[in-house]
Structure formats: structure tokens, C-alpha cells
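J.: here are the coordinates; sequence isn't available:
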């Protein structure tokens, strides 16, 4: 299994200066390759302290110059917020600079504050995403972009520097709502899993996606990539305390950024699935939902972390695990200790695993919440 790490640049409550947050996150990212992580990932968000990385490709370009081997993953470039012609150029440029190390992750976004900031309607996001993705992916294979759609109208223009190798097999998209699965299958891209719904449901949706992908493309779908908020500690008790404090704290930032307690998503075209979030919070209560999200993530002793990832692997057949090790204002010393322990005690065993087909009927890992809460939080 390929193991990567992601930097997310959170600063909840502005407890530190943004510059200090950047310094700490970049120090952690610099540790990734020396510790043996095979990829470094960044995310894209705007305007709030939820995640302060407005240009994930710029961050990855910086890391390209500081590394030699690590692949560079976008989790994700949110296409409706960009001119797709510019994205094509930036992707090709980064891939040329890095020697072909880019893993391209795409998404359509779900943050009202971000769509408002860019003066865009969320009602148009799915169509904007599809048109942009079709043009971008076609252009990366042919070397030029050309498209005539409702929102994307691009006369033929060359991508320079020219793409020098295919992006097929190294392009993924976040697909949270079930309606996105046919879209991703048709685009011919892999699935990026952001854990937020029951693993049994994820496994069922992946089977649907795989069937659709096979029908559309005539070949098997690539194995998915799964991210996970991770806390690894020698003490099981301390690991749980820290997970509750920081993974739970991360979920609070999700609620704030995406405004899931409001009703706007239920009234927004293409986001009806997300609109159920307010109902779930009212039904179960915030504490229960926070606990459920926490227990979808990876935390515990090294042995417990390994077993939880093994369980996810058995259910999804994922080829990559991407850990997030610093979040929700976690002190740098704790984040570094977390990262180093995982790299030393967990990662070597994971890297011996292949992307085997999912195993049906695997028992739940002890400690996972049983409450059937379904959290539609991010992505498409």
C-alpha cells in the first residue's frame, strides 16, 4: 500500500498567527520524504481558518523543489472556482517541474462561503465541474484544450509546457453524494475517499462505481485513495483523549465552515444529499455525530492504527492511505510525535500490503461507533 501524508494548514479561532501555522505545517511536510512517506498532499480552501491553502498546486510546486522522490497529490483542486485552461497549464507545469510526480485530485466544492466569495452559484457547481473536468482531462491527454459548453467555452489553445505523460490512472475525484458516482465513472477517474459515512455504505457505493466504470470504460476502475485523520500514540488512553480533542475539534471546524446546521444545502441544486446534515445533527445531537466521525478515523496505538487501516483496506481495496497528522490547532510537538511514530511503527507494515479486492463480511474494528449516522461533509 502506498502511504502519504497531507498538510491542511488549519488555524481555528486564530489561536496562532497564520504565518506560524504555515511554518509548522511546512516543517512537517519537510519530514515526509525523509521518514519514508511516498507522497505529500495538500487541500484547497478559501476565506476562513478552516484550511488556509488557497492554491494547492502552488503548495505542491514548493514541495516539488524540496523533495526528490515523493509524489505530490492535490486533495483537491476545486474546478468550479478556476478557469480550467489555467488549471491545465498549472498542472502541466508542475508535472514538468517535478518529473511526473503529480497525483491529480479534483472536486466541485461544498462551502457556501467559498462560492459566495468567488461570486458563483452553487446551483451550477456540478455542471461547471463536469465541463471543466472534461476539458481539463482531455487537454492533458492531447496537449491542447478546446470545449464548447454552457459554462466553459474555450477555443483551441495549446498547453505549454506540454504534458509529457498520461494522467490516466493518477487522477482522482472526491465523490461524497451518490449522484457523483456515474459522473466520475464517465470521466474515467478514481475515487478519493474522505471518511464520513459508514464503511459498509462506502463499500456498496464503490461496487456501484466499479460496475459503472467497467461498463463505460471497458476496464476495471483504479483502486481508491483513502484519506484519514490520524493520531498515533504509544498509550491507547492518551490516543483516545487526543483524538477526541483534535479529531473531534476538526469536525467542529467542518460544521463551522460548511454551515451544515443551516438549511441552505437542502435548497441548493445538486446538494440535496448534503442537506440531510441538519436533520442528522438534530436527530442524533452534535456530540453523537462528533463521536461517530471520530471513530471513522484512524487513532490509537500503532497496532490499533494498523488494524483500523487494515479494516478500511479490506472494505475498499484502496491502494493509498493518506494520513492527516496535524489539525484543529494541535501543538506542533504533538503533531511531529504523531507523524514520527506512525512512520516508524505503522507505515512499514502498511507498505507490505497490496491493493487487494475488498473482503466482504469483515468484522467491525473494536471501538468503532455503531450509531448509523451518515456524514456528508466534503467533496462532490
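T.: Alright, I've got the coordinates. Every value quoted in this text rests on a predicted model; they were computed, and no experiment measured them.
J.: and residue 148, how many neighbours?
T.: 10 (other CB atoms under 10 Å). C-beta coordinates here come from the backbone N, C-alpha and C atoms, glycine included.
J.: which residues in this structure form helices?
T.: Assigned by DSSP state H, the chain shows helices spanning 18-35, 56-66, 84-98, 112-117, 125-142, 180-187, 199-217, 236-242, 248-258, 277-284, 286-296, 302-316, 332-345, 347-350.
J.: can I assume residue 30 is in contact with residue 66?
T.: Yes. Between residue 30 and residue 66 there is a contact under CB atoms under 8 Å: 6.3 Å.
J.: picking that back up, of the helices of the chain, which is nearest residue 164?
T.: With distances scored as CB to CB, the stretch of the helices of the chain nearest to residue 164 is helix 84-98 (6.6 Å).
J.: sorry, back to before: looking at the helices of the chain, which is closest to residue 229?
T.: For residue 229, the closest of the helices of the chain is helix 248-258, at 5.9 Å, according to CB to CB.
J.: how far does the closest one sit from the chain's center?
T.: 15 Å (CA atoms, centre = their mean, to the nearest Å).
J.: now it: buried residues?
T.: Of the residues in helix 248-258, those with enough neighbours to count as buried (16 or more other CB atoms under 10 Å) are 248-251, 253-258.
J.: low pLDDT regions in the stretch 151-300 of the chain?
T.: Counting by pLDDT under 70, the low-confidence segments of the stretch 151-300 of the chain come to 277-278, 282.
J.: distance-wise, check the closest residue in space to residue 130 that isn't next to it in sequence relative to residue 320.
T.: Distance criterion CB to CB, 6 or more residues apart in numbering; nearest residue to residue 130, sequence neighbours excluded, is residue 183 at 6.1 Å. In this structure, residue 183 and residue 320 are 21 Å apart, going by CB to CB, to the nearest Å.
J.: of these two, which one has the most company?
T.: residue 320 (24 against 19).
J.: how about the more buried one, what does it touch?
T.: 1-4, 39, 223-226 (CB atoms under 8 Å, 6 or more residues apart in numbering).
J.: what do you get for residue 328?
T.: With contact taken as CB under 8 Å, 6+ apart, residue 328 is in contact with 10, 12, 245-247, 249-250, 252-253.
J.: tell me the spacing between the nearest residue to it once chain neighbours are set aside and residue 15.
T.: In space, residue 328 comes closest to residue 249 once its chain neighbours are excluded; the distance is 3.6 Å by CB to CB, 6+ apart. Remark: distance between residue 249 and residue 15 (CB to CB) = 11 Å.
J.: anything in contact with each of these two?
T.: Common contacts of residue 249 and residue 15 (CB under 8 Å, 6+ apart): residue 329.
J.: returning to what we had before: residue 46 is nearest to which of the helices of the chain?
T.: Nearest of the helices of the chain (CB to CB): helix 112-117, 4.9 Å.
J.: list the buried residues in the closest one.
T.: 112-115.
J.: for that helix, what is the average pLDDT?
T.: Averaged over helix 112-117, pLDDT sits at 97.
J.: name the residues that touch it?
T.: Contacts of helix 112-117 with the rest of the structure, by CB under 8 Å, 6+ apart, involve 45-48, 78, 80-81, 109, 121-122, 125, 257-259, 264-265.
J.: let me have the buried residues of helix 248-258 in CSV, adding distance to residue 24 as columns.
T.: Formatted as CSV, the entries for the buried residues of helix 248-258 read as follows, by distance: CB to CB, whole Å:
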residue, distance to residue 24
248, 21
249, 16
250, 16
251, 21
253, 17
254, 21
255, 24
256, 21
257, 20
258, 25
